[in-house]
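Undergrad: dropping the sequence and predicted coords here.
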Amino acid sequence: MARKPAKRRTDAAEDTEDAANRPSSRPVWTGNMRLALVSVPVKLYAAVKSGARIQFHQVHEPSRRRIRYQKIVPGVGPVDTDEIVKGFELGQGRWVLIDQDEIDALKVETRHTLDLVQFVGPDEIAPIWFERPYYVVPDGELAIEAYAVLRDALKRAGRIGLGQFVMRGREYVAALKPCGQGLMLETLRFADEVQRAAPFFTSIDEEASDPELLDLAAELIERKTSAFEPARFKDNYTQALRQLIDAKATEKSVELGEEAAEETGGGGKVVDLVEALRRSVKDSGKASGKTRPARSGRRKAG
């Protein structure tokens, strides 16, 4: 009996494979890259994982409960969030107070367009200017052709595209460069964020190095020259920390106590209210007159 030819992959199988290859994170920005009259719909995805490092919480060991922080003013006690503004210290005890509405009014309206206004050689931008990388992905099948043309044009020209865009209310300078089959965008620091290198090296002798020592150092460098392999460099501290956590999770894991009522909602003000009520109940047994009810906080205007 002749074998039947292998069936072509079904649409469902193709969809499953496509889903497995899609980025797991959500895009941080969606918009258009524009070069003159050419506009390419794209999405930006963070290229660096923010959760790779281990983060701890503080726990009160005797009670096995999470440590919570309250917003407290000395001499006043816990305060409501709507009573808090931002302060900038001018010096000599003088401050400027700014509320959140004033800050929100300054935020730049999000424009979903990145205009490429300049192109530079890859060696013209020192590494110190680069801040955070993002993968640039075409947004939809119709965007792929224009996206590929822009990528290939940057490769052929050997250039990096520069422009500005707005993300989450802030302006960023962007550098666009080819990255394998796609494109990478890196945000750049602004000019006033980078310190000049020269003042830090003024004490270093400018005379040429000893030729013999220079030859020996160059030979050592040559012997240790090889292709860059990121996996070769281990974060030994984090690995040891994970091993410690895994071991304790197996042998000595604990359950934290339930959050007490005073630790939720109003925080310290609830504690103050409970204590005030207790005192009121105690005092009511001594006095026959009516007691004014305790108040949980200052009365708001209006």
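TA: Looks like it arrived, so ask away.

Undergrad: residue 194 contacts residue 131, doesn't it?
TA: No: using Cβ atoms under 8 Å, residue 194 is not in contact with residue 131, being 10.2 Å away. No exception for glycine: its C-beta is placed from N, CA and C like everyone else's.

Undergrad: avg pLDDT for the helix or strand hosting residue 88?
TA: Using DSSP states H and E, residue 88 sits in strand 86-91. For strand 86-91, mean pLDDT rounds to 90.

Undergrad: any idea how far residue 41 is from residue 144?
TA: 10 Å (Cβ to Cβ, to the nearest Å).

Undergrad: before we move on, what about residue 86?
TA: According to Cβ to Cβ, residue 86 and residue 41 sit 37 Å apart.

Undergrad: more crowded one of these two?
TA: residue 41 (17 against 12; other Cβ atoms under 10 Å).

Undergrad: what kind of secondary structure is that one in?
TA: Classification of residue 41 by DSSP: H, G, I helix; E, B strand; the rest coil places it in strand.

Undergrad: helices of this structure, residue ranges please.
TA: Assigned by DSSP state H, the helices in the chain fall at 11-21, 100-106, 144-157, 211-223, 236-251, 268-284.

Undergrad: buried residues in the fourth one?
TA: Neighbour counts over helix 211-223 (16 or more other Cβ atoms under 10 Å) mark no residue as buried.

Undergrad: give me the mean pLDDT for that helix.
TA: 93.

Undergrad: report all helices and strands that it contacts.
TA: Helix 211-223 sits against no helix or strand, with contacts defined as 3 or more Cβ pairs under 8 Å, 6 or more residues apart in numbering; DSSP states H and E.

Undergrad: and it, C-alpha only, in CSV?
TA: This file holds the C-alpha atoms of helix 211-223, laid out as CSV (Å, rounded to 0.1, in the frame of the first residue of the first chain):
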residue,chain,number,x,y,z
PRO,A,211,57.6,50.5,23.6
GLU,A,212,58.6,47.2,25.2
LEU,A,213,55.8,47.3,27.7
LEU,A,214,53.4,48.3,25.0
ASP,A,215,54.4,45.3,22.8
LEU,A,216,53.9,42.9,25.8
ALA,A,217,50.4,44.4,26.5
ALA,A,218,49.5,44.2,22.8
GLU,A,219,50.5,40.6,22.7
LEU,A,220,48.4,39.7,25.7
ILE,A,221,45.4,41.4,24.2
GLU,A,222,45.9,39.6,20.9
ARG,A,223,46.1,36.2,22.7
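
Undergrad: and that helix, how far from the chain's centre?
TA: On the basis of Cα atoms, centre = their mean, to the nearest Å, helix 211-223 sits 41 Å off its chain's mean C-alpha point.

Undergrad: can you list the residues that contact that helix?
TA: Helix 211-223 is contacted by no other residue when judged by Cβ atoms under 8 Å, 6 or more residues apart in numbering.

Undergrad: cool, and the fifth one?
TA: Taking Cβ under 8 Å, 6+ apart as the criterion, the residues outside helix 236-251 that touch it are 53, 54.

Undergrad: give me that answer again for 6 Å
TA: With contacts defined as Cβ atoms under 6 Å, 6 or more residues apart in numbering, helix 236-251 is touched by residue 54.

Undergrad: pLDDT (mean, whole number) over it?
TA: The average pLDDT for helix 236-251 rounds to 82.

Undergrad: do the same with the last one
TA: Looking at helix 268-284 alone, the average pLDDT works out to 59.

Undergrad: quick one: contacts for the residue nearest in space to the middle of the chain?
TA: For the chain, residue 50 is the residue whose C-alpha lies nearest the centre (Cα atoms, centre = their mean; 6.2 Å). Contact analysis of residue 50 by Cβ under 6 Å, 6+ apart lists nothing.

Undergrad: measure it to residue 119 for me?
TA: Taken as Cβ to Cβ, the span from residue 50 to residue 119 is 31 Å.

Undergrad: got it, and residue 239?
TA: To residue 119, residue 239 is 42 Å away according to Cβ to Cβ.

Undergrad: what sits up against the strand holding residue 88?
TA: 95, 96, 97, 98.

Undergrad: do stretch 35-47 as well
TA: The contact list for stretch 35-47 (Cβ under 6 Å, 6+ apart) reads 23, 25, 27-30, 32-33, 116, 133-137, 139, 143, 146-147.

Undergrad: so how do I select the buried members of the residues you listed in PyMOL?
TA: Provided next is the PyMOL selection string for whichever of those are buried by 16+ other Cβ under 10 Å:
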select buried, resi 27+29+32+33+116+133+134+135+136+137+139+143+146+147
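
Undergrad: just the ones of the contacts of stretch 35-47 in strands?
TA: Using DSSP state E, the subset of those located in strands is 29, 30, 32, 33, 116, 133, 134, 135, 136, 137.
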